[in-house]
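A.B. asks: What follows is a predicted protein model with its sequence.
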Amino acid sequence: MVKHSMRKLCPNLDKEGGLETVLEVPIPEEMFNKMGSNAVLRWHNMRNLMRAQHHHRSSAADKWASVTNPLSASSSGTTNNIDQFMLLLKLVGSAFIPYRVQLDRAITKPIKDGSIEASTAKYIVQQYLAATGGLSALNSINSMYAVGQVKMEVASDGVQQQNNEPAKRSCEAGGFVLWQKNPDLWYLELVVSRHKISAGSDGKIAWSQSSSNSNATRGPPRPLRRFFQGLDPRSTANLFLNTVCIGEKTIQNEDCFILKLDTCSEILKAQSTPNTEVVHHTIWGYFSQRTGLLIQFEDTKLIRMKTPVGDESVFYETSMESVLEDYRIVDGINIAHGGKTSASLYRYGKTLKRKWKLEETWKIEEVDFNICGLSFDYFLPPAEAVKKGNEPYENGI
């Protein structure tokens, strides 16, 4: 990704000489430049966007989005296109991992316990811990903050392929802010184009919220997938501690060990509902044999949903593959500062088939640890998510 500066302040357009407003989520210069033909119009649209984040589909934002957003090709298809884009944005931007982060501080386990494959995996995790800063440095972290920018490219397949036409593609820029307080408290704000998603965990439930809805997950709180893209080595080590080594593979010219984790049936059942079954969720980690660092993080999930009428089912299969790059040491911790995630969502049933693809290129601009004054109140879920605590997050997708 080409490095662009990120805007953090919005001028006071109502009062000359007034204080500037700090943006909740810094945005890349590229996103700002798409908001209008001149600086005044861009700032007015930016203010409308900030206001629209607190309402459902602000008409002010829709006026300029229909011009600047390639997803809104026509007024009749705008709502459907927005809903599809929001689904894909949630899929990549605020995806969850099924395993709760362990609360204890003992990451290491005896290597000799278990099979050869399990013992090998524990050894690889120990090498990863050493490569990311060591157990002592990781245990000294109690909170973190990160700011980054993203570029998302959407391709919709299925219908286009049946007509022998190329998939339609669009590219949108955005930014995100991420907060975490060890280990179950976290909060994410992500803005891409004119769309905003918030997600978080208060240690009891994990939730997500957009301009159109709020949802809470079933079962124990789950960590954000983005943490495992090189931002949280401790959680990554905990996740792969009880895996098995299934072989080797070359990724980005690096010889890597492959660790695999299949989600157990108890966790899958806890995240299912009477109408939604999580069939499987499998996770892979590719660790460099040369450096010990995580090079690629991958997971796939299959959801079975009952249709409102009859006994037919619709299946949603999601696959995500993240390549981690640009590792840099921050306060003794080795953090990946860039990478690319490729995701696909395949929906199929007896008569319904459709596939979407989305690619996210991301770059970390700022990261810091042990944030002073970061209280529990910052991670409280919105009231709508608490009310919907028994409903699945996006039907489990």
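C.D. replies: Right, received. Where do you want to start?
A.B. asks: alpha carbons only for contacts and neighbour counts from here, please
C.D. replies: OK.
A.B. asks: Quick check on F85: phi, psi?
C.D. replies: phi -70, psi -40 (degrees, to the nearest 10).
A.B. asks: ditto for P221
C.D. replies: The phi and psi torsions at P221 (degrees, to the nearest 10) take the values phi -60, psi 140.
A.B. asks: Quick check, it in contact with A206.
C.D. replies: Yes: the pair formed by P221 and A206 meets the contact definition of C-alpha atoms under 8 Å, at 4.9 Å.
A.B. asks: Show me which of the two is the more surrounded one.
C.D. replies: A206 (29 against 24; other C-alpha atoms under 10 Å).
A.B. asks: Is the more buried one in contact with L224, as I believe?
C.D. replies: No: with contacts defined as C-alpha under 8 Å, A206 does not count as touching L224, sitting 9.0 Å away.
A.B. asks: Could you list the low-pLDDT ranges of the stretch 1-150 of the chain?
C.D. replies: The model of the stretch 1-150 of the chain has pLDDT under 70 over residues 1-4, 7-24, 27-83, 102-113.
A.B. asks: Surely Q126 forms part of a helix?
C.D. replies: Yes: the assignment for Q126 (DSSP: H, G, I helix; E, B strand; the rest coil) places it in a helix.
A.B. asks: roughly how far apart are it and Y346?
C.D. replies: Q126 sits 36 Å away from Y346, going by C-alpha to C-alpha, to the nearest Å.
A.B. asks: V323 too?
C.D. replies: Spatial separation of V323 from Y346 under the definition C-alpha to C-alpha is 21 Å.
A.B. asks: When Q126 and Y346 are compared, which one has more neighbours?
C.D. replies: Comparing Q126 with Y346 by other C-alpha under 10 Å, the one with more neighbours is Q126, at 20 against 17.
A.B. asks: Give me the neighbour count for E325.
C.D. replies: Look at E325: counted by other C-alpha under 10 Å, it has 21 neighbours.
A.B. asks: host element of it?
C.D. replies: strand 313-330 (DSSP states H and E).
A.B. asks: any idea how far S313 is from G349?
C.D. replies: Distance of G349 to S313, computed by C-alpha to C-alpha: 6 Å.
A.B. asks: Look at the two and report which has more neighbours.
C.D. replies: Counted by other C-alpha under 10 Å, G349 and S313 do not tie: S313 has more neighbours, with 18 against 15.
A.B. asks: didn't the more buried one look like it was pressed against T276?
C.D. replies: No: if you go by C-alpha under 8 Å, S313 and T276 don't touch, sitting 9.6 Å apart.
A.B. asks: so what sits against both of these two?
C.D. replies: The contact sets of S313 and T276 overlap at 304-306 (C-alpha atoms under 8 Å, 6 or more residues apart in numbering).
A.B. asks: In strands only, show me those.
C.D. replies: Among the shared contacts of S313 and T276, DSSP state E puts 304-306 in strands.
A.B. asks: which of these tops the neighbour count?
C.D. replies: R304 (23 neighbours).
A.B. asks: What's the separation between the nearest residue to it once chain neighbours are set aside and T282?
C.D. replies: When the adjacent residues along the chain are set aside, R304 lies closest to F315, with 4.6 Å between them (C-alpha to C-alpha, 6 or more residues apart in numbering). Counting by C-alpha to C-alpha, the separation of F315 from T282 is 16 Å.
A.B. asks: These two: which has the busier surroundings?
C.D. replies: A count of neighbours by other C-alpha under 10 Å puts F315 above the other of F315 and T282, at 21 against 17.
A.B. asks: Might you report the residue contacts of that one?
C.D. replies: Contact partners of F315, counting by C-alpha under 8 Å, 6+ apart, are 302-305, 346-349.
A.B. asks: Thanks a lot, catch you later.
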